[in-house]
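Asker: Return atomic coordinates for the entry below.
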Amino acid sequence: MAASHPWKFALAAGLALAACSEYAEPTLTPGQQKKVEAHLLDAVPTPQHAVGAVIEDQVRLVGYDIDKTSVKPGETLTVTWYIEGLTDRPDDNMLFVHLQGRPADKTAWQNLDHHPVEGLFPLRQLKKGKVVKDVQVITVKPDFSPGEAKLYWGVWRGDYRLKIQNADQIPHDKEGRVIGATVTIEGKPAAPAALPLAQASRLAAGKTIVLDGKLDDTGWEGLSWTDWWASPDGANRAAPRTRARFTWDDQYLYVGVEAMDSDVWTTFTERDSNTWEQEVIELFIDADGDRKDYLELQVTPANVVFDARFATHRSDLGVARAWNMEGLKTAVHVDGTLNERDDEDRGYTIEMAVPFAEVPGAGSTPAHGALWRVNLFRWDFPKAGGQKAAAFSPPVVGDFHALDKFGRLRFVNPADVKAPGVDGPIVPLKPMQPIRLDPAKLRKGRDELGNLPAPGSEAAPSESVP
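Answerer: Next comes the predicted model:
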């Protein structure tokens, strides 16, 4: 799994960049800059497997190295792609990599989109004549179906897949993907993990939420946190320490997120920028669970918002991001110094007030017991390098928009919770039957009791337990 946004989308084709700053180039530490420089080559190498696929006028896939072609679910393999720039004015392209087994098997599929060099080098920076050595470590998802799977490679931009110019010379499929190595997935897949469940408890009378990002209002007192979020790929690896809790009233769902972070930073200042390329908290909502007409809301540590409404899974990004949520309220509190890269921060917290009226599929105020499908993610970009992610409900596949992997959020109104045995149905007791005693058995028992040795005598049973 690569860093940057391996699970996300890039800019939609044709967006007017002059209107606002759609993306910001990563601000790299000296160590990160050295890593990028080490992966930029002036001479074209000779990889294990030559390819030579020309992708429009943008890049050429020289070839790739691969460390193994047999792997078990949950294990990793490393593929190194060598990509040459063909223009001094590259577009905001993104790499896609698919690991796919039998086409009809949904579990035999992983989407591994990414930017090169662990997300530190957006492909739009690759100039003519330079070659980027893109080392991609792939963790095969635990429930990947056994059998043969192929690696497919290509370039995309928004909802447009760039074409292979020399397709008659390059192995490719009907979908315009370059065919790479064949990998054998061995053994049995693990059973899929249960989807997590979070609870939103209705705001109690007399308690309030003040949107200042601090999570110290009376309305948050006593509410349950989610578990600490996990790595999105489902692997048992460390993820940035992040958790959330929820409450609600007649108008809003309130979301509070706590993110531990020793270096809190962001350079984005304009709404609907490519906020996922730096540090950010993301909330996805598919209220009715129909896997369409869903929302993506993001908040950066500087309280810059990205909001989008997708008609279907990954529908047109330009249309989705043009939508703005009316009445959305957000706030952020940084425990440290925002954008001071040389000090030691402790983290940041965010608050969101999401109006029910703007959530498709929600209708009006949720009823007690209502269940939404939601997911939350966090991107962290530490000084040590490499963007890292955490997920409330790990999608396992390389797609933050994996709607079937969303967790669940249950709305609870404590006033409507029935107390067992009090508000529940009254069950009539069965009439007691008279006890019939046998006089002969009573006399026998009395005689046996009369023959017991006196306490303290040698014949009396010991009080100790053998």
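Asker: rest of the way, CA atoms for contacts and neighbours
Answerer: Fine.
Asker: what are the bridge partners for Glu148, then?
Answerer: Under DSSP bridges, the beta-bridge partners of Glu148 are Thr184.
Asker: Show the contacting residues for it.
Answerer: For Glu148, the contact set (CA atoms under 8 Å, 6 or more residues apart in numbering) comprises 101-102, 182-185.
Asker: Show me the chain divided up by domain.
Answerer: 17-185, 197-416 (automatic domain parsing).
Asker: Columns mean pLDDT and distance to Ala191 on top of these, output as TSV?
Answerer: Below are these laid out as TSV (pLDDT from 0 to 100; distance: least, CA to CA, whole Å):
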stretch	mean pLDDT	distance to Ala191
domain 17-185	91	6
domain 197-416	94	12
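Asker: Would you mark the buried spots in stretch 174-190?
Answerer: Under the neighbour-count criterion of 16 or more other CA atoms under 10 Å, stretch 174-190 has 176-185, 189 buried.
Asker: Closest one to Arg202 out of those, please.
Answerer: For the buried residues of stretch 174-190, the residue nearest Arg202 by CA to CA is Pro189; the value is 40.0 Å.
Asker: OK, contacts around the spatially closest residue to that closest one that is not a sequence neighbour?
Answerer: Closest residue in space to Pro189, ignoring its immediate chain neighbours: Asp143 at 4.3 Å, by CA to CA, 6 or more residues apart in numbering. By CA under 8 Å, 6+ apart, the residues touching Asp143 are 73, 107, 189-192.
Asker: Go through the residues you listed and say which is closest to Phe121.
Answerer: The closest of the contacts of Asp143 to Phe121 turns out to be Pro73 (CA to CA; 28.9 Å).
Asker: What's the local residue count around the closest one?
Answerer: 19 (other CA atoms under 10 Å).
Asker: That one: what's it in contact with?
Answerer: By CA under 8 Å, 6+ apart, the contact set of Pro73 is 140-144, 185-190.
Asker: One more pass at 10 Å, please.
Answerer: 139-146, 185-190 (CA atoms under 10 Å, 6 or more residues apart in numbering).
Asker: from those residues, which ones fall inside strands?
Answerer: Counting by DSSP state E, the contacts of Pro73 place 139, 185 in strands.
Asker: what would the contacts of Pro73 look like in TSV with distance to Leu376?
Answerer: Shown next, in TSV, are those (distance: CA to CA, whole Å):
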residue	distance to Leu376
Thr139	21
Val140	22
Lys141	20
Pro142	21
Asp143	22
Phe144	23
Ser145	27
Pro146	30
Ile185	30
Glu186	32
Gly187	32
Lys188	29
Pro189	26
Ala190	24
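Asker: Closest one of the contacts of Pro73 to Tyr252?
Answerer: Lys141 (36.2 Å).
Asker: which non-adjacent residue is nearest the closest one?
Answerer: Here the residue nearest Lys141, using CA to CA, 6+ apart, is Gly74, at 5.3 Å.
Asker: Check the secondary structure at the one you found for me.
Answerer: coil (DSSP: H, G, I helix; E, B strand; the rest coil).
Asker: Number of residues surrounding it?
Answerer: Neighbours of Gly74 (other CA under 10 Å): 18.
Asker: How about Leu211?
Answerer: 18.
Asker: As a check, name the ranges of all helices in the stretch 301-450 of the chain.
Answerer: In the stretch 301-450 of the chain, the segments counted as helices under DSSP state H, counting those that start in this stretch are 317-322, 439-450.
Asker: residue closest to the middle of the protein?
Answerer: Ala391 (3.3 Å; CA atoms, centre = their mean).
Asker: Tell me how far that residue lies from Asp92.
Answerer: As judged by CA to CA, to the nearest Å, Ala391 and Asp92 stand 26 Å apart.
Asker: Enumerate every residue touching Glu166.
Answerer: Quick fix: residue 166 reads Asn, not Glu. So Asn166 contacts 52-56 (CA under 10 Å, 6+ apart).
Asker: same deal with His39?
Answerer: Contacts of His39 (CA under 10 Å, 6+ apart): 82, 116-117, 121, 131-135.
Asker: that older thread, burial of the closest residue to the residue nearest to the centre of the chain other than its chain neighbours, as a residue count?
Answerer: Leaving aside its chain neighbours, Ala391 sits nearest to Phe377 (4.5 Å; criterion: CA to CA, 6+ apart). Counted with other CA under 10 Å, the neighbours of Phe377 add up to 23.
Asker: How about the contacts made by Ala287?
Answerer: Ala287 neighbours (CA under 10 Å, 6+ apart): 293-295, 356, 359-363, 370-374, 408-409.
Asker: change it to 6 Å
Answerer: 361-362, 372-373 (CA atoms under 6 Å, 6 or more residues apart in numbering).
Asker: Would you agree Glu344 is in contact with Val264?
Answerer: No - contact criterion CA atoms under 6 Å: Glu344 and Val264 do not qualify, at 8.9 Å.
Asker: These two: who's more crowded?
Answerer: Val264 (30 against 14).
Asker: what about the residue nearest to the more buried one when sequence neighbours are not counted, distance to Ile281?
Answerer: Among residues not flanking Val264 along the chain, Leu338 sits closest, at 5.5 Å (CA to CA, 6+ apart). According to CA to CA, Leu338 stands 15 Å off from Ile281.
Asker: So between these two, which is more surrounded?
Answerer: Counted by other CA under 10 Å, Leu338 and Ile281 do not tie: Ile281 has more neighbours, with 26 against 18.
Asker: contacting residues for the more buried one?
Answerer: Here Ile281 is in contact with 298-299, 377-378 (CA under 6 Å, 6+ apart).
Asker: go with 10 Å
Answerer: 242, 257-259, 275, 297-301, 305, 349-350, 376-380, 389-391.
Asker: Then Ala149?
Answerer: 69-70, 98-103, 108-109, 181-185 are the contacts of Ala149 under CA under 10 Å, 6+ apart.
Asker: excluding its backbone neighbours, what's nearest it?
Answerer: Gly101 (3.9 Å).
Asker: can you check His115 too?
Answerer: Using CA to CA, 6+ apart, the closest residue to His115 is Pro122 (5.2 Å).
Asker: looking at it, that neighbour is touching Pro116, isn't it?
Answerer: Yes - between Pro122 and Pro116 there is a contact at 6.4 Å, judged by CA atoms under 10 Å.
Asker: who's more crowded, these two?
Answerer: Between Pro122 and Pro116, counted using other CA under 10 Å, the more crowded position is Pro116 (26 against 21).
Asker: quick one: what helix or strand has the more buried one in it?
Answerer: For Pro116, there is no helix or strand it lies in under DSSP states H and E.
Asker: surely it meets Leu123?
Answerer: Yes - look at Pro116 against Leu123 with CA under 10 Å: they come within range, at 6.7 Å.
Asker: List every C-alpha atom in stretch 196-215, with coordinates, as PDB.
Answerer: This file holds the C-alpha atoms of stretch 196-215, laid out as PDB (Å, rounded to 0.1, in the frame of the first residue of the first chain):
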ATOM      1  CA  PRO A 196     -17.600  -1.800  13.500                       C
ATOM      2  CA  LEU A 197     -20.600  -0.200  15.300                       C
ATOM      3  CA  ALA A 198     -20.500   3.300  16.900                       C
ATOM      4  CA  GLN A 199     -23.300   4.900  18.900                       C
ATOM      5  CA  ALA A 200     -24.700   8.400  18.700                       C
ATOM      6  CA  SER A 201     -26.500   9.300  22.000                       C
ATOM      7  CA  ARG A 202     -29.100  12.100  21.800                       C
ATOM      8  CA  LEU A 203     -27.900  15.300  23.400                       C
ATOM      9  CA  ALA A 204     -29.300  15.400  27.000                       C
ATOM     10  CA  ALA A 205     -31.600  18.200  28.100                       C
ATOM     11  CA  GLY A 206     -29.600  21.100  29.500                       C
ATOM     12  CA  LYS A 207     -26.400  20.000  27.800                       C
ATOM     13  CA  THR A 208     -24.800  21.900  24.900                       C
ATOM     14  CA  ILE A 209     -22.200  21.700  22.100                       C
ATOM     15  CA  VAL A 210     -20.300  24.900  21.400                       C
ATOM     16  CA  LEU A 211     -18.500  24.500  18.100                       C
ATOM     17  CA  ASP A 212     -14.900  25.500  19.100                       C
ATOM     18  CA  GLY A 213     -13.100  22.300  18.400                       C
ATOM     19  CA  LYS A 214     -12.200  21.500  22.000                       C
ATOM     20  CA  LEU A 215     -14.600  18.700  22.900                       C
END
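Asker: Okay then, goodbye and thanks.
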